[in-house]
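S.K.: what shape does this take:
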Amino acid sequence: MNQTAAMALLLLTGFATASFADTGTVSVVFTKGGFIVDVGGGQGVLTFRGKRYPFTVSGMSLGLSIGASTSKFVGRALNLRRAGDLAGSYVVAGAGGAVAGGAGGAQLQNANGVILQLSGARIGAEVSAAVGGVTITMQ
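M.R.: I've put the predicted structure just below:
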């Protein structure tokens, strides 16, 4: 096989694989609180290909953190091939803060290649500069 044919095959294979991936919408309510170590959890719903899939969210972060907040996020889940791809651990690193209804957002990725793009409001008072992780479990 010559180089041109090989390159064409690779491109077609790449596009065919990408075409199986789809986008879903997510809504999550996540509550956390603590001093130095934040612990939180919540629930959400993935809407994917016309069906709703409930899930739970748990997480912990370690670093400078004081206060408590509830976040209501909505957004997109990219690169889904099936609803179960949403499950897994998402590693997050960052610094941020919210006081009395501030806005927040995040972009996270798991080992399945799913990217969550979330934004929403936080209610409560919290200041953090932490590194943490979030785990999603399908119900």
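
S.K.: now do the helices in the chain.
M.R.: For the chain, the helices defined by DSSP state H occupy 3-19.

S.K.: what stretches of this structure score poorly on pLDDT?
M.R.: For the chain, the stretches flagged by pLDDT under 70 are 1-19, 33-39, 60-67, 91-104, 122-132.

S.K.: where along it do the strands fall?
M.R.: Assigned by DSSP state E, the strands in the chain fall at 22-48, 51-80, 88-99, 103-109, 115-138.

S.K.: just checking, what packs against the fourth one?
M.R.: Where contact means 3 or more C-beta pairs under 8 Å, 6 or more residues apart in numbering; DSSP states H and E, strand 103-109 is packed against strand 51-80, strand 88-99, strand 115-138. For every residue, glycine as well, the C-beta is placed using N, CA and C.

S.K.: who are the contact partners of the closest residue to S27 other than its chain neighbours?
M.R.: Once flanking residues are discounted, S27 sits nearest to V74: 4.9 Å by C-beta to C-beta, 6 or more residues apart in numbering. Shown in contact with V74 (C-beta atoms under 8 Å, 6 or more residues apart in numbering): T25, V26, S27, V28, L118, S119, G120.

S.K.: just name the closest of those residues to N112, please.
M.R.: V26 (14.4 Å; C-beta to C-beta).

S.K.: from L86, how far out is the closest one?
M.R.: 8 Å (C-beta to C-beta, to the nearest Å).

S.K.: hey, what's the residue nearest to S27 bridged with?
M.R.: With DSSP bridges as the criterion, V74 is bridged to S27, S119.

S.K.: any residues in contact with both of V26 and L86?
M.R.: L46, A77.

S.K.: ok, how many other residues are close to Q139?
M.R.: 9 (other C-beta atoms under 10 Å).

S.K.: G44 now?
M.R.: Going by other C-beta under 10 Å, the residues that sit close to G44 add up to 21.
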